[in-house]
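Student: coords please:
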Amino acid sequence: MMPKLIGIPYFNASGEGAAEAAEELGIALEYNGPTQAQAADQVQMIEQWTSQGCDAISVAANDPDALAPAMTAAGEAGIATSAWDADVARDAREVFVNQATFEGIGQTLVEIMAEQTGGEGEFLVVTGSLTAPNQNAWLEEMEAHMAEAYPDMSIAAVEPGEEDLALGIEVTTSYLQANPDTAGVFAITTVALPGAAEAVEQLGLTGEVPVTGLGVPSENAVYIESGSIVEFALWNPVDLGYLAVHVANAQIAGELPTSGTFEAGRLGEVELIAEDEILLGPPTVFNADNIGEFDF
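Tutor: Have a look, this model is predicted:
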C-alpha cells in the first residue's frame with residue numbers, strides 16, 4: 001500500500017489504520033512510499049512490487065496518468081489493483097477508495113470561507129502538486145460552487161506547495177505581500193494548511209485574512225487557538241487507511257461487490273457510489289468546539 005509520500009502526519013495516520021486492518025485480517029502489509037511527492041518514484045516502487053508478485057497494490061497517486069502504465073501492468077500480472085486518497089486513471093485500476101466526494105469537499109470549504117468573508121472577494125489556493133487528481137477535482141468543485149452560490153467569490157491564483165511546509169509558508173507569504181487585497185486563503189492539503197496559517201500569523205494578518213482548507217487536528221489546533229484558522233475540514237485518515245486494506249483484501253478474495261454496500265470491519269457498511277468506487281463518508285468540520293476530540 002503506497003501513500004503519496006511518507007513522513008507527514010496525514011499519511012502516518014492512514015498507515016496506522018492500514019496496519020490495524022492488516023492485523024485484524026491476518027494479512028501481510030507493506031506500507032511505503034516516496035520521501036517526496038514524486039510520481040516517478042511511485043512508478044518505480046509499483047514496478048518493484050509487481051516483480052515481487054504481491055497479491056494487491058493500492059496507491060494514492062501523485063499523478064493519475066504517470067502511474068497508469070505501471071498499475072495496468074500490475075493488473076495484467078494478476079495483481080489486484082486499487083487507488084485510495086487520490087485516484088489513478090480509471091482504466092488502470094479496479095476500484096477507488098474515495099475519502100469523501102469531490103463535491104462534498106469543495107462545497108464544504110467554500111461554505112466555511114463564505115461565512116467568514118461575507119461571500120465575496122478574491123482568494124488564493126495553495127495546493128500540493130498541480131497534477132494531483134484529488135486536489136484538482138476539489139478545486140473544480142470549489143469554483144463551481146462559488147459560481148452557483150457566491151458569484152462575488154473567485155479564485156485569483158493557485159500556487160503549488162509541493163507538500164512542503166516551508167514552501168507552503170513561502171508561497172503564501174509572497175502572494176499575500178504582492179496581493180494585499182486577497183480576501184482569504186484556501187489550503188487544500190494537510191501540509192499546506194498549517195503553512196498558510198503560519199504565513200498569515202507571521203505577516204500579522206490573523207483575523208484579517210481567513211485561512212481554511214484540509215488538515216489534521218494535531219497540526220492545526222494551535223492555529224485554531226490563535227484565531228488564524230476558525231474552521232477546517234477533513235475525513236479520518238486512520239479510517240481511510242483501514243478501509244483501503246479491507247477493500248484490497250476483498251479484491252484478493254474475489255468478494256468485493258459492485259453495488260450496494262460493503263462490510264468493512266469496525267466501519268460497518270460503507271457505500272459503493274459507483275461499481276468501481278467506495279466512499280468512506282462525508283467530511284468532518286473541525287473548530288474550537290470539537291478539535292480536542294480527535295487524536296490524529
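Student: So for stretch 103-122, what gets flagged as buried?
Tutor: For stretch 103-122, burial by neighbour count (16 or more other Cβ atoms under 10 Å) applies to 104-114, 116-117, 119, 121. Placement of C-beta: from N, CA and C, glycine included.
Student: And stretch 276-286, by the same measure?
Tutor: So, applying 16+ other Cβ under 10 Å, buried residues of stretch 276-286: 276-281, 283, 285-286.
Student: so who does residue 251 touch?
Tutor: Residue 251 makes contacts with 56, 80, 82, 94-95, as judged by Cβ atoms under 8 Å, 6 or more residues apart in numbering.
Student: ok, those vs residue 179, which is closest?
Tutor: Distance ranking of the contacts of residue 251 against residue 179, using Cβ to Cβ, places residue 82 first at 40.7 Å.
Student: hang on, the earlier thing: restricted to helices, list the contacts of residue 251.
Tutor: Nothing among the contacts of residue 251 maps onto helices, per DSSP state H.
Student: Among those, which lie within strands?
Tutor: 56, 80, 82, 95 (DSSP state E).
Student: Between the two ends of stretch 145-164, how far is it?
Tutor: In stretch 145-164, first residue to last residue: 28 Å (Cα to Cα, to the nearest Å).
Student: Which of the buried residues of stretch 276-286 sits closest to residue 73?
Tutor: residue 276 (18.8 Å).
Student: Tell me who's in contact with the closest one.
Tutor: Residue 276 neighbours (Cβ under 8 Å, 6+ apart): 90, 93-96, 258.
Student: Out of the buried residues of stretch 276-286, which sit inside helices?
Tutor: Within the buried residues of stretch 276-286, no residue falls in helices by DSSP H.
Student: Make a markdown table out of those and add pLDDT and distance to residue 207.
Tutor: Shown next, in a markdown table, are those (pLDDT from 0 to 100; distance: Cβ to Cβ, whole Å):
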| residue | pLDDT | distance to residue 207 |
| --- | --- | --- |
| 276 | 98 | 45 |
| 277 | 98 | 40 |
| 278 | 98 | 40 |
| 279 | 97 | 36 |
| 280 | 97 | 34 |
| 281 | 92 | 32 |
| 283 | 92 | 25 |
| 285 | 96 | 20 |
| 286 | 97 | 19 |
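Student: Show me which pair in those residues is furthest apart.
Tutor: 276 and 286 (30.4 Å).
Student: now the strands for the stretch 101-250 of the chain?
Tutor: Taking DSSP state E, counting those that start in this stretch as the criterion, the stretch 101-250 of the chain contains strands spanning 121-127, 153-160, 184-187, 211-213, 232-234.
Student: Could you list the buried residues of the longest one?
Tutor: For strand 153-160, the neighbour count (16+ other Cβ under 10 Å) marks 153, 158-160 as buried.
Student: which other helices and strands contact that strand?
Tutor: Judged by 3 or more Cβ pairs under 8 Å, 6 or more residues apart in numbering; DSSP states H and E, strand 153-160 is in contact with helix 102-117, strand 121-127, helix 133-149, helix 165-178.
Student: same thing but 6 Å
Tutor: With contacts taken as 3 or more Cβ pairs under 6 Å, 6 or more residues apart in numbering; DSSP states H and E, strand 153-160 sits against strand 121-127.
Student: tell me the SS of residue 257?
Tutor: Following DSSP: H, G, I helix; E, B strand; the rest coil, the label given to residue 257 is coil.
Student: out of everything not next to it in sequence, what's closest to it?
Tutor: Residue nearest to residue 257 in three dimensions, not counting chain neighbours: residue 272, with 6.5 Å by Cβ to Cβ, 6 or more residues apart in numbering.
Student: Spatially, what comes nearest to residue 209 if we skip its sequence neighbours?
Tutor: Looking at residue 209 with Cβ to Cβ, 6+ apart, the closest residue is residue 200, at 5.3 Å.
Student: same check, this time on residue 70
Tutor: residue 46 (4.1 Å).
Student: where does the one you found land on pLDDT?
Tutor: Residue 46 is assigned a pLDDT of 99 by the prediction.
Student: which SS class is it?
Tutor: Following three-state DSSP, residue 46 is assigned to helix.
Student: what's the span of stretch 30-50, first residue to last?
Tutor: Taking Cα to Cα, stretch 30-50 runs 13 Å from one end to the other.
Student: Tell me how far it lies from the chain's centre.
Tutor: 18 Å (Cα atoms, centre = their mean, to the nearest Å).
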